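A.B. asks: any chance you could fold what I've pasted below:
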Amino acid sequence: MRALIFDLDGTLVDTVYAHVFAWQQALAEAGMSIDGWRIHRKIGMSGGLFTRALARELGRSLEPGEARALQDRHGVIFRQLLPERRPLPGAIALLRRLRELEVPHGIATSGRRPEIDPSLRALEIPASTVVIERGDVARAKPEPDLFLACQSRLSVAAEECYVIGDAVWDLLAARRARMMSIGLLTGGYGEDELSGAGAYRVYRDAAELDASLDELGVLP
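C.D. replies: Predicted structure coming up:
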């Protein structure tokens, strides 16, 4: 049976723009102004990769301590902006349906515990759900490690896995993992961008994906 591996932020929970605002404020407080749209294009990378990408935007390097301070401040602001997480349309129902149908599935996110815990609770998933977070792997997206670790835990061949994500970084990582990918529009990327990054199908949100599972050949 085929398996589904989900990104978290922007795919299942509505957190992308809170992350953008949190990064923008953290950078502004440190005297580094970057346009919000430039930050948005990098959401989905790990924190370390993200800060290196920001350094290129700024035209100067960031010292390790400076990068860590920015990441820590981002986390504080993010939790203030979004103390409660809101699942995206259809996310809870889709995950529940997959459990009922016994379709293998898991979550692979560049986020870390405990920051991701409120999002997991909001999705109402049981403790038995496979969740791979940044601390479980050596490298995060766009490297394939998160998805490969999730695939290994699910005991399904990589070629039988679909990655569901909202950002081009998810789809690039899926290609590197030799997995098919599905794009969702809930993270702010356009259909042409997701298709260009390799998405087999692009759906509006988890609800539309739920209604289209037969197109993926995952129904028993």
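
A.B. asks: who's sitting farthest from the centroid in the protein?
C.D. replies: G31 (28.1 Å; C-alpha atoms, centre = their mean).

A.B. asks: how many other residues sit next to the closest residue to G217 other than its chain neighbours?
C.D. replies: Nearest residue to G217, sequence neighbours excluded (C-beta to C-beta, 6 or more residues apart in numbering): R2, at 6.2 Å. C-betas here are computed from N, CA, C, even on glycine. Neighbourhood size, R2 [other C-beta atoms under 10 Å]: 17.

A.B. asks: quick one: residues contacting R2.
C.D. replies: By C-beta atoms under 8 Å, 6 or more residues apart in numbering, the contact list for R2 reads 103-104, 156, 160-162, 216-218.

A.B. asks: who touches the helix ranked longest in the chain?
C.D. replies: Of all segments of type helix in the chain, defined using DSSP state H, the longest is helix 64-81. The contact list for helix 64-81 (C-beta under 8 Å, 6+ apart) reads 15, 18-19, 21-23, 25-27, 29-30, 47-48, 51-52, 54, 62, 115.

A.B. asks: ok, then the element right after that helix?
C.D. replies: helix 91-100 (DSSP states H and E).

A.B. asks: helices or strands up against that following helix?
C.D. replies: helix 206-210 (3 or more C-beta pairs under 8 Å, 6 or more residues apart in numbering; DSSP states H and E).

A.B. asks: what distance separates the helix it packs on from the centre of its chain?
C.D. replies: 16 Å (C-alpha atoms, centre = their mean, to the nearest Å).

A.B. asks: stretch 53-63 too?
C.D. replies: Mean-position distance between stretch 53-63 and its chain equals 23 Å (C-alpha atoms, centre = their mean).

A.B. asks: so for it, what's the average pLDDT?
C.D. replies: The average pLDDT for stretch 53-63 rounds to 78.

A.B. asks: stretch 22-32 now?
C.D. replies: 89.

A.B. asks: got a list of what S195 touches?
C.D. replies: The contact partners of S195, taken as C-beta under 8 Å, 6+ apart, are 183, 202.

A.B. asks: over to R96?
C.D. replies: When contacts are counted by C-beta under 8 Å, 6+ apart, R96 touches E124.

A.B. asks: again, but for the one 3 residues further on
C.D. replies: Contacts for R99 were tallied using C-beta under 8 Å, 6+ apart; they are P126.

A.B. asks: quick check, pLDDT for it.
C.D. replies: Predicted confidence (pLDDT) for R99: 97.

A.B. asks: distance check, it against E124.
C.D. replies: Separation of R99 from E124 (C-beta to C-beta, to the nearest Å) stands at 10 Å.

A.B. asks: next: G217.
C.D. replies: G217 is 26 Å from E124, by C-beta to C-beta.

A.B. asks: from K42, how far off is the residue farthest from the centre of the chain?
C.D. replies: Distance from G31 to K42, by C-beta to C-beta: 19 Å.

A.B. asks: show me how far stretch 26-42 is from its chain's centre.
C.D. replies: Between the centre of stretch 26-42 and the centre of its chain there are 19 Å (C-alpha atoms, centre = their mean).
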